[in-house]
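K.L.:
Kindly return the folded structure for what I paste below:
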Amino acid sequence: MHEIEYKPVSKVVAMAASAGGLKALSVILGGLPLDFPAAIAIVMHLSPDHESLLAGILGSRTVLQVKQAETGDVLSAACVFIAPPNHHLSVQKGGILRLSSAQAEKIHFARPSAEPLFASVAEIYKARAIAVVLTGGDGDGSFGVQIIKDNGGIVIAQDRPTSQDFSMPETSIKTGDVDFILPLNEIAPMLIELVCQGRGSQTQH
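P.N.:
From the prediction side, this is the model:
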């Protein structure tokens, strides 16, 4: 893939998924427009034993640019950055991405885990942060959504009927910090509404 041309970021959307996540991410990213003014960072629980094809697969299903995240990448509007297998992903000042070592401690039995991503996005972007917790097992992301909320951000969780495994969204919902519980096909329209507010876009459906 050619180099990403940096575009200023209005907001940052941090997504986490596990079981059933490929379908969920495909539907959401496929529903976002080319001029989507937010950057997207994704953590999906992947096998650490072989190279991930996730960026390539998702890149073929969306008009947004998709790449596997590397340390030093800078968040950019209309671009999707995916944590590679076996590395936590976090964001530093200036939107610079950082990968943990492959020996970093697992969180919720996962590496990458949603927690470092959610917590760091909350710290840097405050009210401009949006967390999305998608289908998956265990409770990954449930600490991070509370930090997102504490910093003025917004949290979306996928609903039970459209989740292959509702454990991950449900754990976040039980924190009381989820703003929207949505079926899969309503998440992209909600992101467009939330991100484009104040940009002259119509927010009615």
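K.L.:
Where does the prediction get shaky in this structure?
P.N.:
1-3, 198-205 (pLDDT under 70).
K.L.:
in it, which spans are strands?
P.N.:
12-17, 39-44, 65-68, 79-82, 89-92, 96-99, 129-133, 154-158, 180-182 (DSSP state E).
K.L.:
Now these in CSV, please, with extra columns for mean neighbour count.
P.N.:
Heads up, the C-betas are built off the backbone N, CA and C, glycines and all. Shown next, in CSV, are the strands of the chain (neighbours: other C-beta atoms under 10 Å):
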stretch, mean neighbour count
strand 12-17, 28
strand 39-44, 28
strand 65-68, 20
strand 79-82, 24
strand 89-92, 23
strand 96-99, 18
strand 129-133, 29
strand 154-158, 26
strand 180-182, 18
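K.L.:
With respect to A119, which of those lies nearest?
P.N.:
strand 89-92 (7.6 Å; C-beta to C-beta).
K.L.:
Pull up the pairing partners for that closest one, direction included.
P.N.:
strand 96-99 (antiparallel) (DSSP bridges).
K.L.:
What are the contacting residues of the partner strand?
P.N.:
41, 69-75, 81, 83-84, 87-92 (C-beta atoms under 8 Å, 6 or more residues apart in numbering).
K.L.:
can you rerun that using 7 Å?
P.N.:
69-75, 81, 84, 87, 89-92 (C-beta atoms under 7 Å, 6 or more residues apart in numbering).
K.L.:
Could you dump those into TSV and include distance to A102?
P.N.:
TSV is the format used below for those (distance: C-beta to C-beta, whole Å):
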residue	distance to A102
A69	14
E70	14
T71	12
G72	17
D73	18
V74	23
L75	23
F81	18
P84	9
H87	6
L89	13
S90	15
V91	19
Q92	19
